[in-house]
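# Quick one: sequence plus predicted model below, questions after.
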Amino acid sequence: MAGTEPTDLLDLMTTLRARREPYALATVVETEGSASARPGAKALIGRDGTLLAGWVGGGCAESAVRETALDCLRSGEPRVIGLDLNDEVLGTGMPCGGSMRVFVEPVLPRPTLWILGHGRVAETLSRFAATLGFRVVVDDAPAPDPARFPDAEEIIGDDYDYARLAPEAGDAVVIATQHKGDHLSAARALRSPAGYVAIVASRKRAGLVLDHLRAEGFDEAALARIRAPAGLDLGARTPEEIALSVASEIVMLRRGGSGGPLRAAAAERGEARPAAARRHADAPA
């Protein structure tokens, strides 16, 4: 691993991205003393903690970096760690000499929004999702018109039993077909690790789908994963407004928001009003 060239790392990063496999990139940013690695040294760590390529030091540092990489992949947040290579108790477990700081950055695949169906809600949602950084896949039979989904990276038109619906953890599935195949797609979505599953339909239609899923053996905990009706309560009426409410709910759940007004959330945290808001409130009538 020590002889891995930068081009090899870039090639592997490109391959992992194409496979949509998460990994962590560790970069030595500072060293002191007799640390074996030098600033700029890099390594790639796989989703299971395996050192895939590169080198950031020997056994003194590698295990600590790999452990940190797993933490970063779970949290989605980068970290800078300091390694004391002199202290066998408080440091990295073996006195090697010197110290180093390593920046560990998780590289996660873009989440995919699977849109099942067509129509203005689906088309608008595709545009919103692409703007928000999602990879958009439209799965609808018969084949949808690509011109109506210019932002979709993949369009599937022959998947009548939704066998190609394969969301991963962190992906979102929005069922907007409103036909008898809804229960098939919903069942497949529930059997996946998708982080968001929603049905764009009337309460009556959504209730029929849920009843069918119950009859197929899904328990209430599984059914609770389905957002039906989909979206936040924005008072939406038009297809574009409905798409906005669905996109807002996806962002809210992905980022851990409450869905309430920011002003109320700030008040609960005891935060002062922004200066611009104070100036507006204090301005003479």
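Received the coordinates, thanks.

# which residues in the protein form strands?
23-32, 42-46, 51-54, 79-84, 99-107, 112-117, 135-139, 154-156, 172-176, 196-199, 226-227 (DSSP state E).

# Reformat those strands as JSON lines; add mean pLDDT and mean neighbour count.
Heads up, the C-betas are built off the backbone N, CA and C, glycines and all. Written out in JSON lines, the entries for these read as follows (pLDDT from 0 to 100; neighbours: other CB atoms under 10 Å):
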{"stretch": "strand 23-32", "mean pLDDT": "93", "mean neighbour count": "20"}
{"stretch": "strand 42-46", "mean pLDDT": "95", "mean neighbour count": "23"}
{"stretch": "strand 51-54", "mean pLDDT": "93", "mean neighbour count": "19"}
{"stretch": "strand 79-84", "mean pLDDT": "90", "mean neighbour count": "17"}
{"stretch": "strand 99-107", "mean pLDDT": "93", "mean neighbour count": "21"}
{"stretch": "strand 112-117", "mean pLDDT": "94", "mean neighbour count": "26"}
{"stretch": "strand 135-139", "mean pLDDT": "95", "mean neighbour count": "23"}
{"stretch": "strand 154-156", "mean pLDDT": "93", "mean neighbour count": "17"}
{"stretch": "strand 172-176", "mean pLDDT": "95", "mean neighbour count": "28"}
{"stretch": "strand 196-199", "mean pLDDT": "95", "mean neighbour count": "24"}
{"stretch": "strand 226-227", "mean pLDDT": "94", "mean neighbour count": "21"}
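
# Output those strands in TSV; the columns should cover distance to Val246.
Supplementary listing: those in TSV, determined by distance: least, CB to CB, whole Å:
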stretch	distance to Val246
strand 23-32	31
strand 42-46	34
strand 51-54	37
strand 79-84	33
strand 99-107	27
strand 112-117	10
strand 135-139	13
strand 154-156	19
strand 172-176	6
strand 196-199	6
strand 226-227	8
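
# how far out from the middle of the chain is stretch 109-119?
Here stretch 109-119 is found 13 Å from its chain centre; the criterion is CA atoms, centre = their mean, to the nearest Å.

# just stretch 248-267 next, same as before
17 Å.

# Touching it from outside, list them.
Contacting residues not belonging to stretch 248-267 are listed as 111, 113, 129, 132, 170, 172, 195-196, 198, 227, 230-232, 234, 273 [CB atoms under 8 Å, 6 or more residues apart in numbering].

# So what would you say the end-to-end distance of it is?
Length of stretch 248-267, first residue to last, CA to CA, to the nearest Å: 22 Å.

# and it, which residues are buried?
By neighbour count, with 16 or more other CB atoms under 10 Å as the criterion, the buried positions of stretch 248-267 are 248-251.
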